[in-house]
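> please find the sequence and the predicted model below.
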Amino acid sequence: MLCSNNYLGKDYSKEEEELNHKYSEIEMNCGLSDSFRRKSMIKWRNMVFDLLIKHGLSKKSLNELSHTKQIHLRHAAAELFRYLNTKKIPLIIISASGVGEVIPQFLQNMGLKFPNQIFFTNHFVWDSAGKAVNIKRPIIHTMNKNALKIDLSISEGILNGRKNIVLLGDTIDDLEMAKNFTYNNIHTFCFLNKTTQKHLDIYKKAYDRVILDDGGMDDVLELVKKIILD
C-alpha cells in the first residue's frame, strides 16, 4: 500500500516493487533449498526496512495508511473477527510485513480491534520527531514464524486448555506457525493470490483448503462455528 499510494515518493515505490518482484518469487518457490530461501528472506526484510528508513517512514505515514480506503478486508472477515471475540477465542496475528505496526491501527479504525487479539509484528525504533531510525530485533520474516517465543503471560488464561487450531496462511512456510503451540487438531487454509499451476499443486497437498484470488473467509467462519457447536 505504501507503493500504490506513493506515501514515501515514487523512488521508494520503484525500488520496493523491484525488491518485491525478485524476492517474492523466491519466497513462493518451494523447489529451492530452505537454506537459500531463508537467507534470501532475511536479506529481503533487511533491505525493505533500510529502504523505508531511507525514504523517511514516519508514524504519520503509518497513521495515514491505516485510514486509507484502499485496504479492504476479505468477505466475512469482519464477521469472523466479531464472532471470535464474542466467543472469547484468541486470534493470533503473526506478520512479517515491513509495516506490520499498521495492522492493529487499521483494525482499531474499522472497529474490529478486540481484547482476544494478540499481535506479533515487526516494530521500528522511532526518533523524537516520529521518524523511523532502526528496526527492533529479532526480525520476523516468512521462514522464522515458528521460532517466535509466544509469551503466554500477555494473554494469561486465553490460550490455556485450547487444543484446536485454525491456521490461515499464504505461503508454505506459514504452516510452521503451528509449532509455537500444543494442539490436538489443526485445520489449515491458504489464501493464495498469485501462483503457477505447479505451485498450486504443492499448496493443495500441504493445506486442507486453498482459496484463490480474493476469496472470502466464509469457509473459515463456518468451520469455527462448527467446532464451537461440536
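That came through, no problem.

> give me the contact list for the longest helix anywhere in the chain.
Longest helix of the chain, by residue count under DSSP state H: helix 34-54. Helix 34-54 is contacted by residues 2, 8, 12, 15-16, 19, 23, 26-27, 29, 96, 98-99, 122, 124, 132-135, 139-144 when judged by C-beta atoms under 8 Å, 6 or more residues apart in numbering. Any C-beta I mention is one placed from the backbone N, CA and C, and that applies to glycine too.

> which element follows that helix toward the C-terminus?
helix 59-66 (DSSP states H and E).

> ok, then the element right after that following helix?
Assigned by DSSP H and E, the successor of helix 59-66 is helix 77-86.

> put the alpha carbons of the longest helix of the chain into PDB.
Taking Å, rounded to 0.1, in the frame of the first residue of the first chain, the C-alpha atoms of helix 34-54 are listed here in PDB:
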ATOM      1  CA  ASP A  34      15.300 -23.900   2.700                       C
ATOM      2  CA  SER A  35      18.800 -22.500   3.400                       C
ATOM      3  CA  PHE A  36      18.800 -20.400   0.300                       C
ATOM      4  CA  ARG A  37      15.300 -19.200   0.800                       C
ATOM      5  CA  ARG A  38      15.900 -18.400   4.500                       C
ATOM      6  CA  LYS A  39      18.900 -16.300   3.700                       C
ATOM      7  CA  SER A  40      17.000 -14.600   0.900                       C
ATOM      8  CA  MET A  41      14.100 -13.800   3.200                       C
ATOM      9  CA  ILE A  42      16.300 -12.200   5.800                       C
ATOM     10  CA  LYS A  43      18.100 -10.200   3.100                       C
ATOM     11  CA  TRP A  44      14.800  -9.100   1.700                       C
ATOM     12  CA  ARG A  45      13.400  -7.900   5.000                       C
ATOM     13  CA  ASN A  46      16.500  -6.000   5.900                       C
ATOM     14  CA  MET A  47      16.600  -4.300   2.500                       C
ATOM     15  CA  VAL A  48      12.900  -3.300   2.800                       C
ATOM     16  CA  PHE A  49      13.500  -1.900   6.300                       C
ATOM     17  CA  ASP A  50      16.600   0.100   5.100                       C
ATOM     18  CA  LEU A  51      14.500   1.400   2.200                       C
ATOM     19  CA  LEU A  52      11.700   2.500   4.500                       C
ATOM     20  CA  ILE A  53      14.100   4.300   6.800                       C
ATOM     21  CA  LYS A  54      16.000   5.900   3.800                       C
END
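
> quick one: mean pLDDT for it?
Taken as a whole, helix 34-54 has a mean pLDDT of 95.

> now that helix, how far from the centre of its chain.
A distance of 16 Å separates the centroid of the chain from that of helix 34-54, by C-alpha atoms, centre = their mean, to the nearest Å.

> if we can go back for a sec, for ChimeraX, what selects the buried ones among the contacts of helix 34-54?
To isolate in ChimeraX the members of the contacts of helix 34-54 that are buried, counting by 16 or more other C-beta atoms under 10 Å, one can use:
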select :2,8,12,15,16,23,26,27,29,96,98,99,122,124,132,135,139,140,141,142,143,144
